[in-house]
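[1] pasting the structure only:
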């Protein structure tokens, strides 16, 4: 009963739609002649488990339309289609296209279901099948547990916010998008016209530039040589050396790993030997080499440079909680982490706040522990750095950036050699030149996260995905190559080969898929039937 004979993943335009769908060959088995209203309690059980199905208009064309179809009676192939769509939507990918069509074989249907994430779509199909079986046979079904499992899977396999923004921008321009493998690598376009992007890195991102950006000391030296304002600093080999250098510079100072990202191991505003010693130990855990720099007073800004132009800027605030007079700091953090925009890693626009060693040290400097109860309205700082990856938030300030600041961050990206760069700036006022206020650039990031610009905590979102597409593709380019499809009942291989030969004769590089295999030019890539 409800046996899936075949499941095909159609990843591009297909006979059903111009977007990806799953195509099932579904055998209804014993329920092939029974519609929903003929099974006692079936409709009530389905509605109780998935009440959100009321939003499905179905062919009725109005809210509740699918429920009307259930009451009038509809077959399991149609119901499986709607349930699979709803499970994917509840898990985190909003999809809505589905079709169920009878085949020549009685009780066997072809079902097409839209998907965004292949693994989630396939899992939702199986969950929908089990749910329908439970509803048919009046068995319990752990709906909450299944939704949690699907949501966790969605979180695991879906594109991150940055990569997703690029994919959405490409689709809006009519550029074909294909995910390569299970990571965040995208193929944009086809054949020789294709480009590739991984998060905010592209096939134009230099490996040398990326290596320079990873080395904070080398980056600082190169920027200083180009006249870009940076804090004074140098590598240190021990906490004692770091404190001696701090005394030469004048406190406060910053201690951080020479190599690293996401603010890991960075401790700022250090003014005592004990603070420097502890910060050195934290930084050393991230790598063998440690830097000590002068601390620049001011707000933390991230400026995004794409192709030598500033496309977005955000002021970042460090992770913090506000007391209510009743809750401990640990409880306040747990409450903040309930925000659905927060998750572990970078899959959502904000990250969870973790009570790690750095947080405990910062709380201790404030005379607090995680079990302290702040007074109502008391602001408790949990981090000195404002990275979103450590729980910070961001406010868009793109329109406030001074032209001289724009020039300096573009210089920084150019000096490092990055086509896309996230430039971290410390300044009292982003609306004034850095030189006149003692501000500076403290880091240049390759592959910067875009989420703070896509959905800032406050302010206007910026079209950063579109800016990256403009960098990769010239105006009007869609990344496509001409395709000739030959269909029919006979002679199609001969016609396809003739067309390919004519095109090659004028000097074109031609790909050919026929019964003899897959060919590019005169080379056979696969000897198997590729029709």
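    Thanks, I have it. Please read all numbers here as calculations on a predicted model, not as lab measurements.

[2] Name the spans of the protein whose pLDDT lies under the cut-off.
    Where the chain drops to pLDDT under 70, the residues are 345-349.

[3] And it, what are its domain boundaries?
    3-157, 161-202, 319-382, 492-526 (automatic domain parsing).

[4] What residues sit buried inside whichever strand or helix holds residue 513?
    For residue 513, the host element (DSSP states H and E) is strand 511-514. Of all the residues in strand 511-514, those buried under the rule 16 or more other CB atoms under 10 Å are 512-514. Quick note: C-beta positions are derived from backbone N, CA and C, even for glycine.

[5] again, but for stretch 186-194
    For stretch 186-194, by 16+ other CB under 10 Å, it's 186-190, 194.

[6] ok, residues contacting it?
    Residues outside stretch 186-194 that contact it (CB atoms under 8 Å, 6 or more residues apart in numbering): 159, 163, 166-167, 170, 175-180, 195-198, 469, 472-473, 477-481, 509, 511.

[7] Counting only helices, which of those make the cut?
    With helices taken from DSSP state H, the overlap with the contacts of stretch 186-194 comprises 163, 166-167, 170, 469, 472.

[8] Test my guess that residue 438 contacts residue 294.
    No - when contacts are counted by CB atoms under 8 Å, residue 438 is not listed as touching residue 294 (9.6 Å).

[9] Pick out whichever of those two has more residues nearby.
    residue 294 (19 against 15; other CB atoms under 10 Å).

[10] Show me the beta-bridge partners of the more buried one.
    As for beta bridges, residue 294 partners with residue 253 under DSSP bridges.

[11] Use 307 as the first number for this chain going forward.
    All right, first residue 307 from here; so that's residue 600.

[12] what separates the residue nearest to the spatial centre of the chain from residue 423, distance-wise?
    Taking CA atoms, centre = their mean as the criterion, residue 466 is the residue nearest the geometric centre of the chain, at 1.1 Å. Here residue 466 is placed at a distance of 12 Å from residue 423 (CB to CB, to the nearest Å).

[13] Just the helices from the stretch 357-506 of the chain, written as ranges.
    371-378, 382-397, 424-443, 449-463, 467-478 (DSSP state H, counting those that start in this stretch).

[14] how close does the closest residue in space to residue 661 that isn't next to it in sequence sit to residue 574?
    The spatially closest residue to residue 661, leaving aside those adjacent along the chain, is residue 676, at 5.7 Å (CB to CB, 6 or more residues apart in numbering). Distance from residue 676 to residue 574, counting by CB to CB: 21 Å.

[15] The two: who's more crowded?
    Counting neighbours by other CB under 10 Å for residue 676 and for residue 574 shows that residue 574 has the greater number, 23 against 15.

[16] Wasn't the more buried one part of a strand?
    Yes - assignment of residue 574 by DSSP: H, G, I helix; E, B strand; the rest coil places it within a strand.

[17] Pull the contacting residues for it.
    558, 560, 601, 690-691.

[18] Residue 667 now?
    Counting by CB under 8 Å, 6+ apart, residue 667 has contacts 573, 584-585, 588.

[19] what about it, helix or strand, and which?
    Per DSSP H and E: helix 663-671 holds residue 667.

[20] So which bits of that helix are buried?
    664-665, 667-669, 671.

[21] Now flag whichever of these is closest to residue 544.
    When the buried residues of helix 663-671 are ranked by distance to residue 544 (CB to CB), residue 667 comes first, at 18.8 Å.

[22] if we can go back for a sec, next helix or strand past the helix holding residue 667?
    strand 685-687.

[23] Show residues contacting that next one.
    Looking at strand 685-687 with CB under 8 Å, 6+ apart, the contacting residues turn out to be 624-629, 635, 638, 668-669, 672, 674, 680.

[24] hey, where'd the strands end up in the stretch 457-606 of the chain?
    Using DSSP state E, counting those that start in this stretch, the strands of the stretch 457-606 of the chain run over 483-485, 491-494, 501-504, 507-508, 539-542, 559-563, 573-576, 596-600, 605-612.

[25] got TSV for the ones you listed, with distance to residue 834 too?
    Shown next, in TSV, are these (distance: least, CB to CB, whole Å):
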stretch	distance to residue 834
strand 483-485	21
strand 491-494	22
strand 501-504	26
strand 507-508	33
strand 539-542	56
strand 559-563	50
strand 573-576	58
strand 596-600	55
strand 605-612	42
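
[26] For residue 719, find the nearest of the ones you listed.
    Nearest to residue 719, of the strands of the stretch 457-606 of the chain and by CB to CB, is strand 605-612 at 4.2 Å.

[27] and the contacts of stretch 492-500, which are buried?
    465, 469, 472-473, 476, 481-483, 485, 501-504, 775, 778-779, 785, 787.

[28] My guess is residue 538 contacts residue 602. True?
    No - using CB under 8 Å as the test, residue 538 is too far from residue 602 to be in contact (10.0 Å).

[29] More neighbours: these two, which one.
    With neighbours defined as other CB under 10 Å, residue 538 and residue 602 compare such that residue 602 has more, 23 against 15.

[30] Could you find the closest non-adjacent residue to that one?
    Going by CB to CB, 6+ apart, residue 602 has residue 732 as its nearest residue, at 4.0 Å.

[31] List of residues touching the strand or helix carrying the one you found?
    Taking DSSP H and E as the criterion, residue 732 maps to strand 726-733. Residues from elsewhere that reach strand 726-733, judged by CB under 8 Å, 6+ apart: 506-508, 511, 519, 537, 602-613, 711, 715, 718-719, 740, 743, 745-755, 774, 777.

[32] In ChimeraX, how would I select the buried members of these?
    Command for ChimeraX, covering only those of these found buried under the criterion 16+ other CB under 10 Å:
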select :506,507,508,511,519,537,602,604,605,606,607,608,609,610,611,612,711,715,718,719,740,743,745,746,747,748,749,750,751,752,753,754,755,774,777
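
[33] okay, the contacts of residue 574 in TSV with neighbour count and distance to residue 544 next?
    Listed next are these as TSV, based on neighbours: other CB atoms under 10 Å; distance: CB to CB, whole Å:
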residue	neighbour count	distance to residue 544
558	18	19
560	24	17
601	22	20
690	23	22
691	23	23
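
[34] Let me know the closest of those to residue 657.
    If you rank those by distance to residue 657 using CB to CB, residue 691 comes first, at 12.7 Å.

[35] The closest residue to that closest one other than its chain neighbours: neighbouring residues, count only.
    Spatially, and ignoring its direct neighbours in sequence, residue 691 is nearest to residue 569 (4.2 Å; CB to CB, 6+ apart). If you count neighbours by other CB under 10 Å, residue 569 ends up with 25.

[36] Touching, residue 569 and residue 664? I think so.
    No - in this structure, residue 569 is not within contact of residue 664 by CB under 8 Å, at 9.2 Å.

[37] shared neighbours of these two, anything?
    Common neighbours of residue 569 and residue 664 (CB under 8 Å, 6+ apart) are residue 689.

[38] Residue 751 versus residue 702, what's the distance?
    18 Å.

[39] May I see the ones in helices among the contacts of stretch 492-500 organised as CSV, with distance to residue 645 added?
    Conversion of these to CSV gives the following (distance: CB to CB, whole Å):
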residue, distance to residue 645
469, 22
472, 25
473, 25
476, 29
775, 30
778, 33
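
[40] Return the member of these nearest to residue 335.
    residue 473 (38.7 Å).

[41] Now do the same contact list for that closest one.
    465, 483, 485, 492, 771.

[42] Any idea what the second one is bridged to?
    Right, residue 483. Beta-bridge partners of residue 483, as defined by DSSP bridges: residue 494.

[43] wait, doesn't it sit right on residue 476?
    Yes - in this structure, residue 483 is within contact of residue 476 by CB under 8 Å, at 4.8 Å.

[44] Number of residues surrounding residue 346?
    Neighbours of residue 346 (other CB under 10 Å): 10.

[45] Look up how far residue 385 lies from it.
    For residue 346, the distance to residue 385 - CB to CB - is 16 Å.

[46] My read is that residue 593 contacts residue 570, right?
    No - look at residue 593 against residue 570 with CB under 8 Å: they stay out of range, at 9.6 Å.
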